[in-house]
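In: what follows is a predicted protein model with its sequence.
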Amino acid sequence: MRLIQHKREAFWFYRFLSPLYDAWVNPLFWTLDMRAEALRLGRLDDRGLETIDVGAGTGFATEGIVAHVDPENVTLLDQSPHQLSRARRKPALRGCSFVEGDAEALPFGTDAFDRYVSCGSIEYWPEPQAAFAEAYRVLKPGGIALMVGPLPPERPLARRLADLWMLFPAEREYREWMERAGFAQIETVYVAPEWSAQQYGIAIAGRKPAAGASPAATAAAPRESVQEPMTARRWARWVAGSAAGAVFVPVGAAASLRARLRSRR
(Lines give C-alpha, C1' and ligand atoms only; values in the text may rest on other atoms or scores of the structure.)
Protein backbone atom coordinates (compact mmCIF):
# COMPACT_ATOMS: atom_id res chain seq x y z
CA MET A 1 0.00 0.00 0.00
CA ARG A 2 1.46 3.36 -1.02
CA LEU A 3 0.23 5.93 1.42
CA ILE A 4 0.71 9.23 -0.42
CA GLN A 5 0.77 8.28 -4.06
CA HIS A 6 -2.67 9.62 -4.86
CA LYS A 7 -3.46 13.07 -6.17
CA ARG A 8 -5.51 14.47 -3.31
CA GLU A 9 -2.96 13.49 -0.64
CA ALA A 10 -0.17 14.91 -2.80
CA PHE A 11 -2.13 18.17 -3.11
CA TRP A 12 -2.05 18.64 0.68
CA PHE A 13 1.50 17.33 0.99
CA TYR A 14 2.74 20.14 -1.25
CA ARG A 15 0.47 22.66 0.43
CA PHE A 16 2.82 22.39 3.42
CA LEU A 17 6.05 21.47 1.63
CA SER A 18 6.01 24.29 -0.94
CA PRO A 19 7.71 26.94 1.27
CA LEU A 20 10.60 24.51 1.93
CA TYR A 21 10.86 22.83 -1.46
CA ASP A 22 13.54 24.92 -3.16
CA ALA A 23 15.64 25.25 0.01
CA TRP A 24 15.51 21.65 1.29
CA VAL A 25 14.34 19.20 -1.37
CA ASN A 26 16.03 20.23 -4.62
CA PRO A 27 19.54 20.79 -3.19
CA LEU A 28 19.52 17.24 -1.86
CA PHE A 29 17.49 15.17 -4.31
CA TRP A 30 17.19 17.04 -7.64
CA THR A 31 20.34 19.04 -8.23
CA LEU A 32 21.50 21.42 -10.96
CA ASP A 33 23.83 18.76 -12.40
CA MET A 34 21.03 16.17 -12.45
CA ARG A 35 18.72 18.65 -14.18
CA ALA A 36 21.29 19.48 -16.85
CA GLU A 37 22.02 15.82 -17.55
CA ALA A 38 18.35 14.92 -17.81
CA LEU A 39 17.32 17.88 -20.00
CA ARG A 40 19.91 16.95 -22.63
CA LEU A 41 17.63 14.07 -23.64
CA GLY A 42 14.85 16.57 -24.33
CA ARG A 43 16.73 18.05 -27.30
CA LEU A 44 15.86 21.63 -26.32
CA ASP A 45 17.78 22.92 -29.31
CA ASP A 46 15.59 25.79 -30.55
CA ARG A 47 14.39 28.91 -28.71
CA GLY A 48 11.04 28.64 -30.48
CA LEU A 49 10.06 25.15 -29.32
CA GLU A 50 6.56 25.05 -27.84
CA THR A 51 7.29 23.26 -24.56
CA ILE A 52 5.17 22.03 -21.67
CA ASP A 53 6.54 21.16 -18.22
CA VAL A 54 4.06 18.79 -16.56
CA GLY A 55 4.14 18.55 -12.78
CA ALA A 56 6.30 21.67 -12.89
CA GLY A 57 6.05 22.36 -9.16
CA THR A 58 8.07 25.41 -8.13
CA GLY A 59 9.58 25.64 -11.61
CA PHE A 60 13.04 24.26 -10.89
CA ALA A 61 13.12 22.11 -14.03
CA THR A 62 11.46 24.94 -15.96
CA GLU A 63 14.35 27.26 -15.08
CA GLY A 64 16.57 24.77 -16.89
CA ILE A 65 14.18 24.70 -19.86
CA VAL A 66 14.08 28.48 -20.31
CA ALA A 67 17.86 28.51 -20.58
CA HIS A 68 17.25 26.94 -24.01
CA VAL A 69 13.66 27.93 -24.93
CA ASP A 70 12.08 31.40 -24.82
CA PRO A 71 9.75 31.73 -21.79
CA GLU A 72 6.89 32.85 -24.04
CA ASN A 73 6.93 29.34 -25.55
CA VAL A 74 6.91 27.49 -22.21
CA THR A 75 3.86 26.32 -20.23
CA LEU A 76 4.01 25.07 -16.63
CA LEU A 77 1.25 22.70 -15.51
CA ASP A 78 0.74 21.42 -11.97
CA GLN A 79 -2.19 20.33 -9.84
CA SER A 80 -0.87 22.36 -6.89
CA PRO A 81 -1.65 26.09 -6.87
CA HIS A 82 0.78 26.43 -3.96
CA GLN A 83 3.69 25.09 -6.01
CA LEU A 84 2.75 27.19 -9.05
CA SER A 85 2.50 30.34 -6.93
CA ARG A 86 6.16 29.95 -6.05
CA ALA A 87 7.08 29.33 -9.68
CA ARG A 88 5.32 32.55 -10.70
CA ARG A 89 7.65 34.55 -8.44
CA LYS A 90 10.82 33.42 -10.19
CA PRO A 91 12.29 36.10 -12.47
CA ALA A 92 13.52 33.56 -15.03
CA LEU A 93 9.95 32.34 -15.58
CA ARG A 94 8.37 35.69 -16.40
CA GLY A 95 6.59 35.32 -19.69
CA CYS A 96 5.77 31.63 -19.17
CA SER A 97 2.17 30.39 -19.01
CA PHE A 98 0.88 28.77 -15.81
CA VAL A 99 -1.95 26.21 -15.81
CA GLU A 100 -3.51 24.17 -13.01
CA GLY A 101 -4.23 20.72 -14.38
CA ASP A 102 -3.92 16.95 -14.28
CA ALA A 103 -1.06 15.03 -15.94
CA GLU A 104 -3.47 12.20 -16.73
CA ALA A 105 -5.99 14.48 -18.48
CA LEU A 106 -4.11 17.42 -19.98
CA PRO A 107 -6.27 20.47 -20.87
CA PHE A 108 -4.62 20.97 -24.26
CA GLY A 109 -5.37 20.03 -27.83
CA THR A 110 -3.84 17.14 -29.74
CA ASP A 111 -0.54 17.76 -31.60
CA ALA A 112 0.04 21.05 -29.74
CA PHE A 113 3.62 20.99 -28.39
CA ASP A 114 7.12 20.35 -29.70
CA ARG A 115 8.48 19.16 -26.36
CA TYR A 116 6.96 17.57 -23.25
CA VAL A 117 8.98 17.51 -20.01
CA SER A 118 8.00 16.01 -16.67
CA CYS A 119 10.48 15.81 -13.79
CA GLY A 120 9.63 14.28 -10.43
CA SER A 121 5.88 14.10 -11.04
CA ILE A 122 5.40 10.43 -11.94
CA GLU A 123 5.74 9.49 -8.26
CA TYR A 124 2.17 10.74 -7.69
CA TRP A 125 0.44 9.38 -10.80
CA PRO A 126 -2.11 6.68 -9.90
CA GLU A 127 -2.29 5.73 -13.61
CA PRO A 128 1.13 6.35 -15.20
CA GLN A 129 0.08 4.83 -18.51
CA ALA A 130 -2.63 7.47 -18.80
CA ALA A 131 -0.07 10.23 -18.35
CA PHE A 132 2.29 8.72 -20.94
CA ALA A 133 -0.62 8.47 -23.36
CA GLU A 134 -1.48 12.13 -22.73
CA ALA A 135 2.15 13.11 -23.28
CA TYR A 136 1.99 11.40 -26.67
CA ARG A 137 -1.34 13.02 -27.58
CA VAL A 138 -0.33 16.63 -26.94
CA LEU A 139 2.96 16.38 -28.83
CA LYS A 140 3.30 17.25 -32.49
CA PRO A 141 4.61 14.54 -34.83
CA GLY A 142 8.36 14.38 -34.30
CA GLY A 143 8.02 15.91 -30.85
CA ILE A 144 9.95 14.54 -27.89
CA ALA A 145 8.67 13.56 -24.45
CA LEU A 146 11.10 13.49 -21.52
CA MET A 147 10.17 11.81 -18.23
CA VAL A 148 12.42 12.00 -15.16
CA GLY A 149 11.69 10.01 -12.02
CA PRO A 150 13.08 7.83 -9.25
CA LEU A 151 14.15 4.20 -9.37
CA PRO A 152 13.49 1.77 -6.50
CA PRO A 153 16.07 2.19 -3.71
CA GLU A 154 18.56 -0.66 -3.54
CA ARG A 155 18.62 -1.00 0.26
CA PRO A 156 15.69 -3.02 1.70
CA LEU A 157 14.65 -0.56 4.42
CA ALA A 158 14.79 2.43 2.08
CA ARG A 159 12.76 0.49 -0.47
CA ARG A 160 10.06 -0.34 2.06
CA LEU A 161 9.80 3.30 3.14
CA ALA A 162 9.73 4.43 -0.47
CA ASP A 163 6.93 2.02 -1.33
CA LEU A 164 4.88 3.36 1.59
CA TRP A 165 5.38 6.93 0.39
CA MET A 166 4.96 7.11 -3.38
CA LEU A 167 5.57 5.36 -6.71
CA PHE A 168 9.14 4.26 -7.45
CA PRO A 169 8.87 2.48 -10.84
CA ALA A 170 11.44 0.01 -12.14
CA GLU A 171 13.32 0.95 -15.30
CA ARG A 172 11.41 -1.66 -17.32
CA GLU A 173 8.12 -0.02 -16.29
CA TYR A 174 9.21 3.39 -17.58
CA ARG A 175 10.19 1.80 -20.88
CA GLU A 176 6.99 -0.26 -21.15
CA TRP A 177 4.76 2.77 -20.48
CA MET A 178 6.59 4.78 -23.11
CA GLU A 179 6.52 2.00 -25.71
CA ARG A 180 2.81 1.25 -25.14
CA ALA A 181 2.04 4.95 -25.50
CA GLY A 182 3.53 4.77 -29.00
CA PHE A 183 6.90 6.49 -28.60
CA ALA A 184 9.88 5.49 -30.72
CA GLN A 185 13.65 6.14 -30.59
CA ILE A 186 13.65 5.75 -26.81
CA GLU A 187 16.77 6.86 -24.93
CA THR A 188 17.67 6.73 -21.24
CA VAL A 189 20.25 8.19 -18.89
CA TYR A 190 20.72 7.66 -15.15
CA VAL A 191 20.82 10.65 -12.80
CA ALA A 192 21.86 10.87 -9.15
CA PRO A 193 23.04 13.44 -6.59
CA GLU A 194 26.75 13.38 -5.82
CA TRP A 195 26.19 11.74 -2.44
CA SER A 196 24.47 8.65 -3.85
CA ALA A 197 26.49 5.73 -5.21
CA GLN A 198 23.35 3.67 -5.86
CA GLN A 199 21.09 3.58 -8.89
CA TYR A 200 18.92 6.57 -8.03
CA GLY A 201 16.87 8.05 -10.87
CA ILE A 202 16.27 7.83 -14.59
CA ALA A 203 15.55 10.18 -17.47
CA ILE A 204 13.80 8.54 -20.41
CA ALA A 205 12.87 10.22 -23.69
CA GLY A 206 11.00 9.14 -26.81
CA ARG A 207 9.86 10.68 -30.08
CA LYS A 208 6.26 10.76 -31.37
CA PRO A 209 6.30 9.17 -34.84
CA ALA A 210 2.86 10.19 -36.13
CA ALA A 211 0.01 12.63 -35.53
CA GLY A 212 -2.98 11.90 -33.32
CA ALA A 213 -3.77 10.18 -30.06
CA SER A 214 -1.79 7.43 -28.36
CA PRO A 215 -2.63 3.78 -29.08
CA ALA A 216 -2.78 3.37 -25.28
CA ALA A 217 -5.33 6.15 -24.77
CA THR A 218 -8.50 4.05 -24.54
CA ALA A 219 -6.94 1.71 -21.98
CA ALA A 220 -5.62 4.47 -19.76
CA ALA A 221 -8.56 6.53 -18.47
CA PRO A 222 -7.85 8.48 -15.23
CA ARG A 223 -9.57 7.00 -12.18
CA GLU A 224 -9.40 9.81 -9.66
CA SER A 225 -9.32 13.58 -9.39
CA VAL A 226 -7.54 16.04 -7.14
CA GLN A 227 -11.03 17.33 -6.31
CA GLU A 228 -11.98 14.15 -4.45
CA PRO A 229 -12.72 14.84 -0.74
CA MET A 230 -10.21 14.15 2.03
CA THR A 231 -11.79 11.43 4.14
CA ALA A 232 -10.48 10.23 7.51
CA ARG A 233 -8.79 7.34 5.72
CA ARG A 234 -7.10 9.72 3.29
CA TRP A 235 -5.88 11.95 6.13
CA ALA A 236 -4.43 8.88 7.87
CA ARG A 237 -2.66 7.92 4.65
CA TRP A 238 -1.40 11.48 4.28
CA VAL A 239 0.08 11.55 7.81
CA ALA A 240 1.70 8.10 7.51
CA GLY A 241 3.00 8.76 4.02
CA SER A 242 4.39 12.16 4.97
CA ALA A 243 6.23 10.58 7.92
CA ALA A 244 7.73 7.93 5.64
CA GLY A 245 8.84 10.59 3.16
CA ALA A 246 10.26 12.85 5.87
CA VAL A 247 12.78 10.16 6.82
CA PHE A 248 14.58 10.69 3.52
CA VAL A 249 15.44 14.34 4.26
CA PRO A 250 17.85 13.82 7.21
CA VAL A 251 19.24 10.69 5.54
CA GLY A 252 19.94 12.63 2.35
CA ALA A 253 21.36 15.57 4.31
CA ALA A 254 23.72 13.30 6.25
CA ALA A 255 24.88 11.53 3.08
CA SER A 256 25.43 14.85 1.34
CA LEU A 257 27.51 16.15 4.27
CA ARG A 258 29.65 13.00 4.28
CA ALA A 259 30.26 13.36 0.54
CA ARG A 260 31.37 16.99 0.98
CA LEU A 261 33.71 16.13 3.83
CA ARG A 262 35.30 13.32 1.80
CA SER A 263 35.83 15.66 -1.16
CA ARG A 264 37.77 18.09 1.04
CA ARG A 265 40.27 15.51 2.23
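Out: Yes, it's here. Residues are numbered from 1 along each chain as shown.

In: and the helix or strand harbouring residue 33, what does it pack onto?
Out: Residue 33 is part of helix 32-39 when elements are defined by DSSP states H and E. Judged by 3 or more C-beta pairs under 8 Å, 6 or more residues apart in numbering; DSSP states H and E, helix 32-39 is in contact with helix 60-65, strand 113-119, strand 139-150, strand 184-191, strand 201-207. All C-beta spots, glycine's among them, are computed from the backbone N, C-alpha and C.

In: what's the following helix or strand after that helix?
Out: strand 51-54.

In: could you pull up the mean pLDDT of that following strand?
Out: In this model, strand 51-54 has an average pLDDT of 98.

In: stretch 88-107 now?
Out: 96.

In: which of the residues in that stretch are buried?
Out: 90, 93, 96, 98, 101, 102, 103, 104, 106 (16 or more other C-beta atoms under 10 Å).

In: the residues you listed in helices, which ones?
Out: Among the buried residues of stretch 88-107, DSSP state H puts none in helices.

In: need the max-distance pair from these.
Out: Farthest apart among those by C-beta to C-beta are 90 and 104. That separation is 26.2 Å.

In: flag the shaky bits of the stretch 1-150 of the chain, pLDDT-wise.
Out: Across the stretch 1-150 of the chain, the ranges flagged by pLDDT under 70 are 1-21, 23-26, 28.

In: redo that, cut-off 80
Out: Scanning the stretch 1-150 of the chain with the threshold set as pLDDT under 80 gives 1-29.

In: returning to that earlier point: sitting in strands, which of the buried residues of stretch 88-107 do you find?
Out: residue 98 (DSSP state E).

In: just the closest of the buried residues of stretch 88-107 to residue 194, please.
Out: Nearest to residue 194 among those is residue 90, at 24.4 Å by C-beta to C-beta.

In: my read: the closest one touches residue 59, true?
Out: Yes: contact criterion C-beta atoms under 8 Å: residue 90 and residue 59 qualify, at 5.4 Å.

In: sorry, back to before: gap between the helix holding residue 33 and the chain center?
Out: Helix 32-39 sits 13 Å away from the centroid of its parent chain (C-alpha atoms, centre = their mean, to the nearest Å).

In: tell me the buried residues in that helix?
Out: In terms of neighbour count (16+ other C-beta under 10 Å), helix 32-39 has its buried residues at 34, 35, 37, 38, 39.

In: you'd agree residue 152 is up against residue 166?
Out: No: if you go by C-beta under 8 Å, residue 152 and residue 166 don't touch, sitting 11.5 Å apart.

In: so where's the stretch 151-265 of the chain uncertain?
Out: Ranges of the stretch 151-265 of the chain meeting pLDDT under 80: 155-166, 195-198, 218-265.

In: more neighbours: which of residue 152 and residue 166?
Out: More crowded of residue 152 and residue 166, by other C-beta atoms under 10 Å: residue 166, with 23 against 15.

In: leaving out the residues flanking it, which one is nearest to the more buried one?
Out: Of all residues not flanking residue 166 in the chain, residue 123 sits nearest, at 4.0 Å (C-beta to C-beta, 6 or more residues apart in numbering).

In: how about residue 206?
Out: In space, and not counting its chain neighbours, residue 206 is closest to residue 183: 2.8 Å by C-beta to C-beta, 6+ apart.

In: let me see the contact set for that neighbour.
Out: 132, 136, 145, 206, 207, 208, 209 (C-beta atoms under 8 Å, 6 or more residues apart in numbering).

In: mind checking the SS state of residue 236?
Out: helix (DSSP: H, G, I helix; E, B strand; the rest coil).
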